[in-house]
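# Okay, here's the prediction I keep looking at, along with the sequence it came from:
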Amino acid sequence: MKINKKPYPLVTVSAPNIRQNIDTNPDYQRPSVWSLSQKQLLIDTILRGYDIPKVYWRQTGTKPDKYEVVDGQQRLRAIWDYFDGKYGLPDDAEPIDGVEVAGLKINELTGDLFSRISVYNIDVVIMEDSDEDEVREMFLRLQNGTSLKAQEKRNAMPGEMRNFVKELAKHDFFKRVPFSDSRFTHDLVASQLVCLEIAGEPTNIKNTDLNRMYKNNQKFDSNSAVAKSVIRILNYLASAFPEVTPELERYNVIALYCVVAELQRQYAFSEISDKIHDWFIDFETERRNQDLLDEEHGDIEWVTYIGKTKSSTDAQDSINSRMEFMLKHLLNKFPTLKLKDSQRGFTHLQKLAIYRRDKGICQLKIKCDGKKVMWGDWHCDHILAHTNGGASTVENGQVSCPECNLSKGAS
């Protein structure tokens with residue numbers, strides 16, 4: 001890579017024939033985020049003759065020369081917008097050399113001030129003969145210490161994981177969510193889903209975990225089982241939610257993804273795949289109603305669940321608790337849902353749903369009168385025995401104390 005530094009007058013940098021050959025938004029860059037006051041401060045700084053930081057361009061073509069902005073796109077956009085007359089100086093701007101400038105747009109500047117901004121030189125560092133990895137490395141180094149968000153930094157990392165997440169964030173499902181893609185939020189959620197799929201279960205999906213995933217999977221195979229599974233689940237969710245669904249907030253997308261992944265792994269999902277949309281809307285309606293109640297009148301399990309949606313939503317414990325609560329609610333809604341492969345035993349979540357439904361009271365009543373049993377000291381019994389064709393479903397399960405269940409087996 002060769003580097004050359006050239007001074008460019010702002011009038012030249014802002015000329016339409018030059019501007020059209022400068023890409024201010026290559027895919028590793030964040031979008032425009034500067035506020036009006038930040039733009040105004042830059043122009044005020046230039047008019048007062050103060051120095052501004054240099055910008056970095058990567059040369060991408062010749063005849064005519066073409067560039068992409070590696071660093072300095074916010075400054076460049078601010079300059080272009082001022083030259084286009086899109087905003088004026090601050091209303092409280094101090095005079096410059098005795099000239100009042102408050103609120104002035106470029107076409108309202110005096111001749112001297114107009115000349116001053118037109119011929120003001122901005123230092124441009126041009127990177128020639130550079131490859132993608134060098135450019136991304138340069139971008140990350142230049143941004144060190146700035147307010148770039150974590151996902152914006154990951155977006156500039158080299159490797160196939162970054163490329164896969166970038167494509168995943170364009171999936172139709174993300175057109176159904178209510179949150180915007182501001183500062184690569186869709187990329188963030190997509191990367192969290194990939195992290196969950198790699199783990200195969202709820203796990204921490206905080207920034208440190210995602211950074212590690214990007215670093216350790218630079219050669220990620222977009223045709224791998226993990227990649228295909230993520231896409232398959234998002235394909236399903238996009239079909240289940242064909243329109244923008246306000247309930248699909250970030251924390252819900254994470255938990256719902258885990259629910260669907262668990263259903264596809266463990267259960268005969270096709271039996272209820274067309275019912276997930278309505279169940280989820282009903283679930284969220286019930287959550288909102290519970291959230292309106294004070295803790296004294298609210299259901300304790302809902303209170304706990306709602307608390308998990310309001311803090312540490314990227315932590316393993318929170319994700320696992322939310323997934324289990326949603327799955328228990330779903331299994332109570334669809335108690336006949338079967339496990340795959342005629343599995344004999346009940347899953348943990350089925351047991352939890354059965355235990356809560358029966359209020360922990362023995363239903364067999366062979367050796368007892370229906371006593372209360374503690375979690376961890378009870379048996380989950382098939383009402384219709386498995387050997388007689390009884391399925392391992394919530395509907396066909398019941399709470400039994402150990403004595404009654406063993407007595408039933410003996411008889």
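Cool, got the structure. Residues are numbered from 1 along each chain as shown.

# Wasn't Leu330 part of a helix?
Yes: with DSSP: H, G, I helix; E, B strand; the rest coil as the criterion, Leu330 is part of a helix.

# for Asp123, what are its contacts?
5-7, 54-55 (CB atoms under 8 Å, 6 or more residues apart in numbering). Every C-beta, even on glycine, is put in place using the N, C-alpha and C of the backbone.

# one more time with 6 Å, if that's ok
Going by CB atoms under 6 Å, 6 or more residues apart in numbering, Asp123 touches 5, 7, 54.

# Phi and psi next, for the residue nearest the centre of the chain.
In the chain, the centroid-proximal residue (CA atoms, centre = their mean) is Val189; its distance is 1.9 Å. Phi and psi for Val189, reported as degrees, to the nearest 10, are phi -70, psi -40.

# Can you name the element that comes right after the helix or strand of the chain with the lowest mean pLDDT?
Within the chain, no helix or strand scores below helix 132-143, which has a mean of 67 by mean pLDDT, DSSP states H and E. As assigned by DSSP states H and E, the chain's next helix or strand after helix 132-143 is helix 150-155.

# all strands of the stretch 51-200 of the chain, in order?
With strands called from DSSP state E, counting those that start in this stretch, the stretch 51-200 of the chain shows them at 55-61, 66-71, 121-128.

# got the buried residues for the last one?
Of the residues in strand 121-128, those buried by neighbour count under the rule 16 or more other CB atoms under 10 Å are 122, 124-127.

# And the first one, by the same measure?
For strand 55-61, burial by neighbour count (16+ other CB under 10 Å) applies to 55-60.

# Quick one, grab the pLDDT at the residue nearest to Asn211 when sequence neighbours are not counted.
The shortest distance from Asn211 to any non-neighbouring residue, by CB to CB, 6 or more residues apart in numbering, is to Arg154 (6.7 Å). Predicted confidence (pLDDT) for Arg154: 87.

# Could you report the neighbour count for Arg154?
Look at Arg154: counted by other CB atoms under 10 Å, it has 26 neighbours.

# Also the one 5 residues further on?
By the measure other CB under 10 Å, the count of residues near Gly159 is 18.

# element containing the closest residue to it other than its chain neighbours, please.
Counting by CB to CB, 6+ apart, Gly159 lies nearest to Gln218, which is 3.1 Å off, once chain neighbours are set aside. Per DSSP H and E, Gln218 falls between elements, in no helix or strand.

# follow-up on the earlier one: can you say which of the strands of the stretch 51-200 of the chain is nearest to Leu113?
Leu113 sits nearest to strand 121-128 of all the strands of the stretch 51-200 of the chain, at 16.2 Å, using CB to CB.

# So which residues of the stretch 301-411 of the chain form strands?
For the stretch 301-411 of the chain, the strands defined by DSSP E, counting those that start in this stretch cover 379-382, 397-400.

# Show me the domain layout of the chain.
2-146, 151-334, 344-410 (automatic domain parsing).

# still on that earlier bit, please tell me I have it right and the residue nearest to Asn211 contacts Tyr214.
Yes: between Arg154 and Tyr214 there is a contact at 5.4 Å, judged by CB atoms under 6 Å.

# And Phe173, how far from Tyr251?
Distance of Phe173 to Tyr251, computed by CB to CB, to the nearest Å: 16 Å.

# hang on, the earlier thing: between the contacts of Asp123, which is closest to Gln20?
Pro7 (21.2 Å).

# pLDDT (mean, whole number) over the helix or strand hosting that closest one?
In the assignment (DSSP H and E), Pro7 maps to strand 2-9. Averaged across strand 2-9, pLDDT comes to 88.

# Describe which strands it pairs with in its sheet and in which direction.
Applying DSSP bridges to the sheet, strand 2-9 is found paired with strand 121-128 (antiparallel).

# Next, the angle strand 55-61 makes with the partner strand.
Relative orientation of strand 121-128 and strand 55-61, computed by axes from the mean of the first three to the mean of the last three CA atoms, to 10 degrees: 40 degrees.

# Run the angle between strand 121-128 and strand 66-71 for me.
Going by the same axes, to 10 degrees, strand 121-128 makes 110 degrees with strand 66-71.

# how about strand 121-128 as PDB, C-alpha atoms only?
The C-alpha trace of strand 121-128 is given here as PDB (Å, rounded to 0.1, in the frame of the first residue of the first chain):
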ATOM      1  CA  ASN A 121      -7.200  23.400   2.100                       C
ATOM      2  CA  ILE A 122      -8.200  20.100   3.600                       C
ATOM      3  CA  ASP A 123      -5.400  17.500   3.800                       C
ATOM      4  CA  VAL A 124      -6.400  14.300   2.000                       C
ATOM      5  CA  VAL A 125      -4.300  11.200   2.600                       C
ATOM      6  CA  ILE A 126      -4.700   8.900  -0.400                       C
ATOM      7  CA  MET A 127      -4.200   5.200  -0.100                       C
ATOM      8  CA  GLU A 128      -3.100   3.500  -3.300                       C
END
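
# and that strand, how far out from the chain's middle?
35 Å (CA atoms, centre = their mean, to the nearest Å).

# try stretch 166-183
A distance of 8 Å separates the centroid of the chain from that of stretch 166-183, by CA atoms, centre = their mean.

# if we look at it, which residues are touching it?
Contacts for stretch 166-183 (CB under 6 Å, 6+ apart): 30, 149, 185-187, 190, 234, 237-238, 241, 244-246, 248, 250.

# Point out where the stretch 1-150 of the chain drops to low pLDDT.
Applying pLDDT under 70 to the stretch 1-150 of the chain flags residues 28-32, 131-133, 135-148.

# swap the cut-off to 50 and go again
Counting by pLDDT under 50, the stretch 1-150 of the chain has low-confidence residues at 145.

# tally of neighbours for Ala268?
Ala268 sits with 16 neighbouring residues when counted by other CB under 10 Å.

# wait, it sits on Phe334?
No: assessed by CB under 6 Å, Ala268 is found out of contact with Phe334, at 10.5 Å.
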